[in-house]
Structures are given as C-alpha cells and as structure tokens.
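**Q** What shape does this take:
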Amino acid sequence: MKPYGRIMWIELKADGLVGPARIGRVLPGRGRTLRYGDQKFQSLRGNGFKANYRDSATLEEYWISGCHKDGKDALYSTTVEIDEDVREEYWLTIRGRPDLVHLTSFRAEGKTAASAARSASASDEFEASGGPIRTRPLADLKRKRRAAGDPAGRQSV
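**A** Next comes the predicted model:
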C-alpha cells in the first residue's frame, strides 16, 4: 500500500533567504494547511517573501514544495537532511539515483547558481555583439504565426 502524503522540500526562511532544509513526508490538512510531524503550516496565499507557508504555532515562514528530479529545490545552495522514512523512496522514485540511496543529507545546488551562469553568458554575448540583443515584440510574433495559418497566434504542439 502506498504511504499517505507526499515527499516534499521543507525549508525554514526565518533568518532570511537561506535556512535549514529537510525532505520529508507532508500530509494535507484542512483547507490550505499542511502537516509535517507535529507542525502545522498555514498557506501565506502568495503574501510571503520567498516563503509560501507559516508555522501555525511559531509564525516562522517556510518554503514547502514538491521535490524536483534534478535536486535543485533550493533557491540558494544549502545542506538538506532527508528523513529516514522517505530516504529510499526519495532517491529511487523522485531522483532516480539508486547509487545515492545511502545518503541521509546532501548539498543542494541552488537555482540561483544556474541563473547566474545564464546571466553571465548573456552579458558576454551582449558585450561581444557590441550592443543589445534584438528581440521582436510579442505582437510581431503573433502576427507572423497568424499569417502562417494559426488563428490564435499560438504554436501548434
């Protein structure tokens, strides 16, 4: 029988953008609430800064989300602990990495590292071209697609 709940990323944001993180089984609560262990989280409904839930008892803010296959769940690099009851399922099912099933913690590469590299390459391209990279306005692209036979101006799948 499949365990109840979902394996999720839980990162404390009380001290700023980077905080301690865990991967554990989160259970749905009533309404827009989640439960993890003895903690209850209330949704911030889009009103948090780099956080989407608040601990109902302590009012500390957290980022809680589903785990990504590539392991890039953190906004900024941080060390993450994996709960023992989900460790094997996390490495085998979500990450597809049976060679790492013995790990109980790892250093999660932040999303900002990849975006910083992209920004640097775009900046280099800008300097090499001698000016701004020209882009077409969205309206021009839609007009071109309509002329090609798509009445909504969308690409066909």
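
**Q** how does this protein divide up, domain by domain?
**A** Following automatic domain parsing, the chain resolves into domains at 6-109, 113-147.

**Q** Just the mean pLDDT for the shortest one, thanks.
**A** Mean pLDDT, computed over domain 113-147, is 52.

**Q** Run through who's touching stretch 18-30.
**A** The contact list for stretch 18-30 (C-beta atoms under 8 Å, 6 or more residues apart in numbering) reads 3-13, 34-37, 40-41, 64, 67, 73-83, 85-86, 90, 108. Glycine gets a C-beta too; all of them are placed from N, C-alpha and C.

**Q** quick one: low-confidence parts of this structure?
**A** 1-2, 113-145, 150-157 (pLDDT under 70).

**Q** What segments of it are strands?
**A** Along the chain, the segments classed as strands by DSSP state E run 6-12, 21-28, 33-36, 39-43, 53-55, 61-66, 78-82, 105-108.

**Q** Can you tell me the strand partners of the fifth one and which way each runs?
**A** It stands for strand 53-55. strand 39-43 (antiparallel), strand 61-66 (antiparallel) (DSSP bridges).

**Q** and residue 94, which of those is closest to it?
**A** strand 61-66 (8.7 Å; C-beta to C-beta).

**Q** and that closest one with strand 21-28, angle?
**A** Strand 61-66 and strand 21-28 are oriented at 70 degrees to each other (axes from the mean of the first three to the mean of the last three C-alpha atoms, to 10 degrees).

**Q** Output strand 61-66 as PDB - backbone C-alpha positions only.
**A** The C-alpha coordinates for strand 61-66 follow below in PDB (Å, rounded to 0.1, in the frame of the first residue of the first chain):
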ATOM      1  CA  GLU A  61       8.000  31.200   7.500                       C
ATOM      2  CA  TYR A  62       8.800  28.200   5.300                       C
ATOM      3  CA  TRP A  63       9.200  27.300   1.700                       C
ATOM      4  CA  ILE A  64       7.400  24.000   1.100                       C
ATOM      5  CA  SER A  65       7.200  22.400  -2.400                       C
ATOM      6  CA  GLY A  66       7.400  19.200  -4.200                       C
END
